[in-house]
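Novice: Quick one: sequence plus predicted model below, questions after.
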Amino acid sequence: MVYKVNDQEKAAVIFGNWEESMIWSCLQGVMGSIYVNDERDPVSAMAILGDFCFFAGKTSRELVAYKPEWCRQDFIIAVPQNRQWAEEIEKYYGGKAKKIVRYAIKKEQNLFDQEKLEHIVKGLPADYSIRLIDQGIFDYCRKEDWCCDFVSQFSDYHAYEKSGLGVVIMKDGIPVSGASSYSAYLGGIEIEIDTKKEYRRKGLASVCGAKLILECLDRGLYPSWDAQNLWSVALAEKLGYHFDREYDAYEIYGY
């Protein structure tokens, strides 16, 4: 059997010191959900938020196979705590699971050079402008494939305004690049960053990233960063972060 967690403390022990902000979001009850193998004495746990699920503790075929009723998507990125979980994912999903490498970025306090970040923001060409994500931009992002993940984990603008934060660069009245909270936890956000295809390689992502970090610092929030690829690692390092390690994950199609 699989059970949705009501006592986050029991699940927190299973995840241990895994430094992943989306797990923190679930454990803190901010967003996402936790499922375990036993209500009273769980030893296996899964945290699921958006396109990501994380498996920890003792391996469980039931948890690997479990898809919550509310989950309508047919794609998920599964992140195993260790090799045993990875093998369980591979055995159950077979060819549906594509093994990938992602890149963890260190979570360090008092890290950022604010003058450097402000200099990057000031480098935005005059024919562009930068704005915080408001109601109108929130609604726009929800309809556009390239930027929908800026706001997709928030039920509405009220929820985003309460827990999320983001910026976009505007060109001719519409967003063309942005950085926003894919998710939120107590004390911080997980950054999602992207640029519309035809506006890439112009330095816009750097400006958005720098601006969002500055906005987070002003609010006492930590801007957590996890990299999908080496381009994202390089951008993170440009903004002041430090690379931590590679880790394996699985893109599961037909979830």
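Specialist: Received it, and whenever you're ready, just let me know what you need.
Novice: all contacts plus neighbour counts: C-alpha atoms, from now on.
Specialist: Will do.
Novice: and stretch 177-194, which residues are buried?
Specialist: Within stretch 177-194, the residues that count as buried by 16 or more other CA atoms under 10 Å are 177-185, 188-194.
Novice: Also stretch 90-102?
Specialist: Buried residues in stretch 90-102, counting neighbours by 16+ other CA under 10 Å, are found at 90, 93, 96, 97, 99, 102.
Novice: Quick check: the two most widely separated of the buried residues of stretch 177-194?
Specialist: Distance extremes for the buried residues of stretch 177-194: the farthest pair is 177 and 185 at 23.7 Å, using CA to CA.
Novice: so how many other residues sit close to residue 240?
Specialist: When counting by other CA atoms under 10 Å, one arrives at 16 neighbours for residue 240.
Novice: List the contacts of the residue lying closest to it once chain neighbours are set aside.
Specialist: Leaving out its chain neighbours, the residue that sits closest to residue 240 by CA to CA, 6 or more residues apart in numbering is residue 112, at 5.7 Å. Residue 112 makes contact with 239, 240, 241, according to CA atoms under 8 Å, 6 or more residues apart in numbering.
Novice: got those residues as a markdown table, with secondary structure, distance to residue 39 and pLDDT columns?
Specialist: Output for these, formatted as a markdown table (DSSP: H, G, I helix; E, B strand; the rest coil; distance: CA to CA, whole Å; pLDDT from 0 to 100):
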| residue | secondary structure | distance to residue 39 | pLDDT |
| --- | --- | --- | --- |
| 239 | coil | 43 | 98 |
| 240 | coil | 42 | 98 |
| 241 | coil | 39 | 98 |
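Novice: Just name the closest of those to residue 30, please.
Specialist: residue 241 (25.1 Å).
Novice: In this structure the closest one contacts residue 106, no?
Specialist: Yes. Residue 241 lies in contact with residue 106 (CA atoms under 8 Å); the separation is 6.9 Å.
Novice: Please say which of those two ends up with more neighbours.
Specialist: Per other CA under 10 Å, whichever of residue 241 and residue 106 has more neighbours is residue 241, with 19 against 15.
Novice: Next, the more buried one: phi, psi?
Specialist: In terms of degrees, to the nearest 10, the main-chain angles of residue 241 are phi -70, psi 170.
Novice: what's the answer for residue 81, then?
Specialist: The phi/psi pair for residue 81 (degrees, to the nearest 10) is phi -70, psi -30.
Novice: same deal with residue 12?
Specialist: As for residue 12, its main-chain torsions (degrees, to the nearest 10) stand at phi -60, psi -40.
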